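S.K.: Task: produce atomic coordinates for the following.
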Amino acid sequence: MDHEPVLISTIAIGLTAAFIGGFIARRIGLPAIVGYIVAGVAIGPFTPGLVADPSIAVELAEIGVILLMFGVGIHFSFRDLAAVRSIAVPGAAIQIAVMTTLGTALGLALGYGIGGGLELGLAISVASTVVLLRALEDRDELDTEQAKIAVGWLIVQDLFMVVVLVLLPVIAPSLGGIPAEGHGASGSSAAPLAEIAFAVGRAAIFAIVMVVAGARAIPWLLLQVARLGSRELFTLAVLAVALGIAYAASSVFGVSFALGAFLAGLVVSESDMSHQAAADALPLRDAFAVLFFVSVGMLLDPTYLVANPLAIGAVVALIVIAQPLVALAIVLVFGHRPRIALTVAAGLGQIGEFSFIVGTLGLTLGLLPDAGFQLIVAGALLSIALNPVLFALIEPLDRRLRDRRWLRALTQRRGGDLAAIGTDQHAALVNHAVICGYGRVGRLIGPALERRGFTYAVITQQRDEVDRLRARGVIAIYGDAAHTEVLQMADVPRARLVIVATSEPNETRLIVERVRALDPGVDIVVRTHSDSEAAHLRSLGGKVQAVHGERELAVQMARYSLRRFGLSSAEAEAVAQGLRGRAVAAPERRQRPLEAVVARVRDRIIASRG
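M.R.: Numbering: from 1, shown residues only. Below you'll find the model as predicted:
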């Protein structure tokens, strides 16, 4: 047969170009997504050389969207969202509203009309979960409070965008677009409301069917397949569930592939097989997600970047400057400390996969002009590339903000009665312990002291925790332990011991420095995450005992292992003490070019403080 294998050539060219682009991007310190998009530009129709078939690439990208949304559904956790709902839900709602308004105004100024402006505003208001998680993972902050708030915030954004994907096809004709398949145009004035109600009703029926029937049938099916012991059959079952339900959602209920895949993942997450399902779907999800980003790059015309610098500069400013500032203000007003606010702000200073999905839908519906989509892709590419710089600014900006009087006043006003303790409680604070931070570590230490009758006071910025502790009769203060006034409220000068259980090195250093300024002779035990940090804290002088968490974990595991091999408890303890005192040399890692630039920017900002 004499024909060109278009599908095979598109997959081969797309994946090869993505590999090369992603490899180069990671080598110079950029997120791999930047490399994938640039690879798409290189093999797209707007650049000379090798060209892949854009239409086939878009079809393959649709599979990538389905598997991406399926993965979002599997990993979605109502429990995690509920833990940070007091800030994530209102914060995300306000941020989306503000950024959508700003983006719509920019779209109107560029002549896109109300529909195109709304599309642009929605696209720039939602950040990439993939980019955020990679940044937090690189900084070893996935288990911190700021990471939980940032991830919860993005979960709310994702849920909102799922609703947007349902409603946009219905309201498109009212905004100057064209009806989507299955949504006929109507001439009556009541038709738009009726169409919206009809679309929401169909989506609700589909959701009810999935929750009532799917939540029972799909986990049961996966369990039966798992019992057969065939790995490939289980993988096939997972893919059939993801793609089959997404297709059924679109063809039977008229909702988007994305919503169908999300609900399929949500149902699978209730199964005991969810972790195996996620692991089996991950390789294919990653491969097709890469093709999705490549297909987006293929739609980017490089000449647009050269011809429209002002428009691109405006949209990048909205994403990288305005959006982080809006998030920063919201988190600070809600009473969280600057480090948390800065981390959330930096995490939101980019856009990604959902922006492309919304933009692609806007093109299909005739709402967004080609120039608008070019703007979204360019904004995503540049904002993702600049995101490491935002994260590098967190530490110097945290030092600048932390001691601002207006910020302390805001925190104290939000704390109200929780920021102070009564006279009788002050009288009880003699030879006591002060626990700074009441997370996983602090919650273990406090009860240990309490069971043995020792008095202690807790300083934390979790209002709910302060309420719970005070209900149990424990002295608890709402505030930032790095502020001298808060430490004085806990009577540090009369304390026997200060326990610093916070997880952030910068905050830990500030607390230790200010505790020693109040009482140079007080005993301090500090949680650290590296040998170098532990050595720095000990070098401050005084009675500072630094505990390196991972080292202590290794010591305890080594002690247990030696005992299992027959060593006496005394010998095992001697070896453990030797391990505890031995320095561990971290493997040297060559600094990437972009990391060197980011480091220089950070150092200059820190130097300017002086």
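
S.K.: now Q323: how far from G446?
M.R.: Distance from Q323 to G446, counting by CB to CB, to the nearest Å: 38 Å. For the C-beta atoms, the positions are set from N, CA and C on the backbone; glycine is no exception.

S.K.: In terms of neighbours, single out the busier of those two.
M.R.: Under the neighbour definition other CB atoms under 10 Å, Q323 and G446 were set side by side, and Q323 has more, 26 against 23.

S.K.: Retrieve the pLDDT associated with that one.
M.R.: pLDDT, Q323: 95.

S.K.: Check P587 too.
M.R.: Note on P587: pLDDT of 44.

S.K.: ditto for the one 10 residues further on
M.R.: At V597 the predicted local distance difference test score is 58.

S.K.: And for the one 3 residues further on?
M.R.: What the model reports as pLDDT for R600 is 61.

S.K.: Kindly report the same for A191.
M.R.: 55.

S.K.: again, but for E141
M.R.: Confidence score, pLDDT, at E141: 76.

S.K.: same deal with the one 5 residues further on?
M.R.: Q146 carries a pLDDT score of 81 in this model.

S.K.: And it, which helix or strand is it part of?
M.R.: Per DSSP states H and E, Q146 falls inside helix 145-171.

S.K.: Other residues contacting the next helix or strand after that helix?
M.R.: Going down the chain from helix 145-171, the next helix or strand is helix 191-209, by DSSP H and E. Applying CB atoms under 8 Å, 6 or more residues apart in numbering, the contact partners of helix 191-209 are 166-167, 169-171, 173-174, 183, 186, 188, 249, 253-255, 259-260, 263.

S.K.: List the buried residues for the helix holding Q146?
M.R.: Buried residues in helix 145-171, counted by 16 or more other CB atoms under 10 Å: 145-162, 164-166, 168-171.

S.K.: The helix or strand harbouring I74 to helix 145-171, inter-axis angle?
M.R.: I74 belongs to helix 54-75 when elements are defined using DSSP H and E. Interaxial angle, helix 54-75 versus helix 145-171 (axes from the mean of the first three to the mean of the last three CA atoms, to 10 degrees): 130 degrees.

S.K.: tell me the average confidence for stretch 431-449?
M.R.: Mean pLDDT, stretch 431-449: 88.

S.K.: next one: the helix holding I74 to chain centre, how far?
M.R.: For helix 54-75, the distance from its own C-alpha centre to the chain's C-alpha centre is 20 Å (CA atoms, centre = their mean, to the nearest Å).

S.K.: So which other helices or strands are in contact with it?
M.R.: Other elements packing on helix 54-75 under the criterion 3 or more CB pairs under 8 Å, 6 or more residues apart in numbering; DSSP states H and E are helix 6-27, helix 231-251, helix 257-268, helix 274-298, helix 353-364.

S.K.: between those helices, which one is nearest to M557?
M.R.: M557 lies closest to helix 274-298 among those, at 24.1 Å (CB to CB).

S.K.: What's the first helix or strand after the closest one?
M.R.: Per DSSP H and E, helix 274-298 leads on to helix 302-307 as the next helix or strand towards the C-terminus.

S.K.: what sits up against stretch 457-470?
M.R.: Contacts for stretch 457-470 (CB under 8 Å, 6+ apart): 145, 335-337, 411, 415, 418, 421, 429, 432-438, 442, 446, 474-481, 486-487, 490-491.

S.K.: Select from those residues every entry located in strands.
M.R.: The members of the contacts of stretch 457-470 that map onto strands under DSSP state E are 433-436, 475-478.

S.K.: Return the member of those nearest to V65.
M.R.: Within those, the smallest distance to V65 is 43.5 Å, found for Y478 (CB to CB).

S.K.: What strand or helix carries A226?
M.R.: Per DSSP H and E, A226 falls inside helix 215-227.

S.K.: list the buried ones in that helix?
M.R.: In terms of neighbour count (16+ other CB under 10 Å), helix 215-227 has its buried residues at 215, 218-219, 221-222, 225-226.

S.K.: Show me what it is packed against.
M.R.: If contacts are counted by 3+ CB pairs under 8 Å, 6+ apart, helix 215-227 sits against helix 231-251, helix 257-268.

S.K.: chain center to the helix or strand hosting A385, what's the gap?
M.R.: Here A385, judged by DSSP H and E, is contained in helix 370-392. Relative to its parent chain, helix 370-392 has a centroid offset of 17 Å by CA atoms, centre = their mean.

S.K.: and if you look at stretch 210-228?
M.R.: Offset of stretch 210-228 from its chain centre (CA atoms, centre = their mean): 30 Å.
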